[in-house]
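**Q** Sequence below, structure please.
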Amino acid sequence: MRITRYAAAFAALGVVLAGCSSEAGDTVEDAADAPVEVEENVDFEAGTTMAELAEAGTMTVGTKFDQPGFGLRTPAGTPEGFDVEVAKIIAAELGIAPEDITWTETVSANREAFIEEGRVDMVVATYTINDDRKQRIDFAGPYYEAGQDIMVAEGNPLGIQGPEDLAGKNVCSVEGSTPAEEIRTNYPEAQLTLFDVYSKCADALANGQVDAVTTDNVILTGLVAGSPDQFDLVGNPFTEEPYGIGIPKGDDEFRAFINDTLEQAYESGAWAEAWDSTAGAISGTEAPEPPAVDRY
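**A** Okay, here's the model as predicted:
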């Protein structure tokens, strides 16, 4: 399996958030789709999720629509980013082409519900693996490890260097996210403002409604890259956020299949190419060492 780079997608950091509009996804320039090598003549054990999806020839994937580099909706209405490319890699192993994937926007607060209700087959959406979520759904992966950081106004006028400096500050994050829970639990003196998507937090920071935005560093990097004259990244991650792929609880065969596919993508270089053409292009960083898959 091979992913062809599409350097034009983020040429010279050409992804622009156009002021970080709160209308998620209508703020990027068109980028070419990254073609994948779709497996042919796939064969899975009858009754498994893999067999059902392969026979259908289509699947529904939940992802973010407002996060540059990971999941950002294009003017054409389809998302692009690292999470999107990871999902395409998994779909291709099922014999499903990118054009046969239905993309459903999932925000932090509804990811578990969408999986439980069968509205999506899997969620690939900067989705931190944690024990609370494992009570409701299962995770394959992790396929990336981020860390919570803080975005401030350009020039950092309040001198915020870490979470301990958020006391008394109005801090924005997203409802249902692990970063919001981190602030609520461990830094209660911060005043927490919650929205459903991070682009609204960026708007709030830009207009002075909040003093800072906190979430995973890779999400904030994309927002800063889109508006470098408005925002700065503190650059001091203070948590570990392993990103996993959410699937229905108890579907061990599907989880093992996705884990196998991720490890194959690590070995083949497809995972690194997916990074380089999306999040890596925005952040200017080469693909990191992929995390070890946790076959719990």
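
**Q** Could you look up the next helix or strand downstream of whichever strand or helix holds Asp132?
**A** If you go by DSSP states H and E, Asp132 is part of helix 131-134. Downstream of helix 131-134, the next assigned helix or strand under DSSP H and E is strand 137-146.

**Q** Please state the offset of that next one from the chain centre?
**A** Distance of strand 137-146 from its chain centroid, counting by Cα atoms, centre = their mean, to the nearest Å, is 11 Å.

**Q** Now tell me what touches the next helix-or-strand element following it from outside.
**A** Using DSSP H and E, the helix or strand that follows strand 137-146 in sequence is strand 148-153. With contact meaning Cβ atoms under 8 Å, 6 or more residues apart in numbering, strand 148-153 is reached by 158, 160, 162-163, 166, 171, 178-179, 182, 202, 205, 208, 211-217, 220, 223-224, 230-239, 241. Bear in mind the C-beta positions are built from the backbone N, C-alpha and C, glycine included.

**Q** follow-up on the earlier one: for the helix holding Asp132, name the packing helices and strands.
**A** If contacts are counted by 3 or more Cβ pairs under 8 Å, 6 or more residues apart in numbering; DSSP states H and E, helix 131-134 sits against no helix or strand.

**Q** Of all residues in this structure, which one is nearest the centre?
**A** The residue lying closest to the centre of the chain (Cα atoms, centre = their mean) is Thr126, at 3.0 Å.

**Q** Can you classify that one by secondary structure?
**A** coil (DSSP: H, G, I helix; E, B strand; the rest coil).

**Q** before we move on, back to that, pull out the buried positions in the helix holding Asp132.
**A** Under the neighbour-count criterion of 16 or more other Cβ atoms under 10 Å, helix 131-134 has Arg133 buried.

**Q** With only the CA atoms kept, save stretch 179-190 in CSV.
**A** The C-alpha coordinates for stretch 179-190 follow below in CSV (Å, rounded to 0.1, in the frame of the first residue of the first chain):
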residue,chain,number,x,y,z
PRO,A,179,-7.8,19.1,27.4
ALA,A,180,-11.0,20.6,28.9
GLU,A,181,-11.1,18.0,31.5
GLU,A,182,-7.4,18.5,32.3
ILE,A,183,-8.0,22.2,33.0
ARG,A,184,-11.2,21.6,34.9
THR,A,185,-9.6,18.9,37.1
ASN,A,186,-6.0,20.1,37.6
TYR,A,187,-6.1,23.8,37.1
PRO,A,188,-9.5,24.8,38.6
GLU,A,189,-8.5,28.5,39.1
ALA,A,190,-8.7,29.0,35.3
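
**Q** Can you give the distance from that stretch to the centre of its chain?
**A** With Cα atoms, centre = their mean, you get 21 Å for stretch 179-190.
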